[in-house]
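*Asks:* After the sequence you'll find the predicted model.
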Amino acid sequence: MKTVLAASVLALTASGALAGKAFVSNERGNDITVIDTGSWEVIHTFAGGNRPRGITLSPDGSLLYVCASDDDLVRVFDTETYEEVYTLPSGPDPELFVIHPSGNPLYIANEDDNLVTVTDTEDHTILAEVPVGVEPEGMAISPDTNWVVNTSETTNMAHFISTEDYEIKHNILVDQRPRYAEYLDDGSRLFVSSEIGGTVSVIDIAGDGTPTLTQKIEFEVPGVLPEWLQPVGVKATSDGSRIFVALGPANRVAVIDGASLEVVEYIMVGQRVWQMAFTPGEEYLVTTNGNSNDVTVIDVAAEEAVRSIQVGQQPWGVAITPD
């Protein structure tokens, strides 16, 4: 184990091929931390608006979109200069969003208004407002782009919205307080985390997009109280072989085998692990840890935490530039 860890740390410091940038939104610090993913050093910090949470990038990595929740808008920054280039209308209290693979539009969860707002990233206009359940948060778009999924924390549902007419076509009841939704790259399956329910719902997707709840994955860590096992962020590898689940105050990331759907490992990370993002080649997974004010770098192949990096106050989201 020590040999694997040492090799992973060496790769972290020596692999220039992986160089890019990780952007971390600090919810309480009202700023964005920039980390060089070649050296894993903090290289810049800039103002991100009031209560920055959800964070994502344009497909080419040139623009950074930030949900400035207490500003009731999305702030957009140049990823080279870190200058704000414009803002986008978002509806009240934007929390999480997902961008269309083409870069337009942006689908935004408005936590306080029970809406999903669809915003045109080119015209800077609102295309639609879709009423959903109470306290919408998680957002995902299907690989074929036919569906946008929103999770509503209080209604305990995953809503499947057609991107053609912005109408909800399916509702799937999951466990309490669903936080995040993640499709497999082939679109065959969706995972929805439920923070208070303590589970991840497995939803199989038929060829026509019809969803069916087939299983719920539970978690158990020796010495950790069950109520601390609070699934939030979810990330699946591109081949679907591994699904990583952030377990909040349990300070662990669960590793699920994509074939058996069994938990095979728990990785110790920082305090109150929240969201996650892969580096472009999926060599590393970066987690935001809200109570320890740091991010953890996980070696994906070794399934080991190999580095901790201090960032700002209460890191929430993370986005990493593409190749």
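*Replies:* Done, it's in.
*Asks:* Quick check: end-to-end length of stretch 245-256?
*Replies:* Using CA to CA, to the nearest Å, the end-to-end distance of stretch 245-256 comes to 8 Å.
*Asks:* Oops, could you answer that again for stretch 174-194 instead?
*Replies:* By CA to CA, one end of stretch 174-194 lies 7 Å from the other end.
*Asks:* Return the set of buried residues in that stretch.
*Replies:* 174-175, 177-184, 187, 189-194 (16 or more other CB atoms under 10 Å). All C-beta spots, glycine's among them, are computed from the backbone N, C-alpha and C.
*Asks:* I'd like the mean pLDDT over the helix or strand hosting Ala22, please.
*Replies:* Taking DSSP states H and E as the criterion, Ala22 maps to strand 21-26. Averaging pLDDT along strand 21-26 gives 98.
*Asks:* Convert it to CSV, retaining C-alpha atoms only.
*Replies:* C-alpha atoms of strand 21-26 as CSV (Å, rounded to 0.1, in the frame of the first residue of the first chain):
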residue,chain,number,x,y,z
LYS,A,21,-6.9,23.9,-13.9
ALA,A,22,-9.3,22.9,-11.1
PHE,A,23,-11.7,25.7,-10.1
VAL,A,24,-13.2,25.4,-6.6
SER,A,25,-16.2,27.5,-5.4
ASN,A,26,-16.0,28.5,-1.8
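*Asks:* Name every strand pairing with that strand and say which way it goes.
*Replies:* Strand 21-26 has its sheet partners listed here by DSSP bridges as strand 31-36 (antiparallel), strand 315-320 (antiparallel).
*Asks:* can you redo the ones you listed as TSV with mean pLDDT and mean neighbour count?
*Replies:* Output for the strands paired with strand 21-26, formatted as TSV (pLDDT from 0 to 100; neighbours: other CB atoms under 10 Å):
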stretch	mean pLDDT	mean neighbour count
strand 31-36	98	21
strand 315-320	98	25
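*Asks:* Output the ones you listed in TSV; the columns should cover distance to Trp274.
*Replies:* Formatted as TSV, the strands paired with strand 21-26 follow (distance: least, CB to CB, whole Å):
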stretch	distance to Trp274
strand 31-36	14
strand 315-320	6
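*Asks:* nearest to Ala109, of these?
*Replies:* Comparison of those against Ala109 by CB to CB identifies strand 315-320 as nearest, at 12.7 Å.
*Asks:* ok, back up a step: just the ones in strands from the buried residues of stretch 174-194, please.
*Replies:* Applying DSSP state E to the buried residues of stretch 174-194, the entries found in strands are 178-183, 189-194.
*Asks:* Closest to Gly240 out of these?
*Replies:* Arg189 (7.6 Å).
*Asks:* what's the burial count for the closest residue in space to the closest one that isn't next to it in sequence?
*Replies:* Excluding the flanking residues, the one nearest Arg189 by CB to CB, 6 or more residues apart in numbering is Asp204, at 5.7 Å. Close neighbours of Asp204, defined as other CB atoms under 10 Å, add up to 13.
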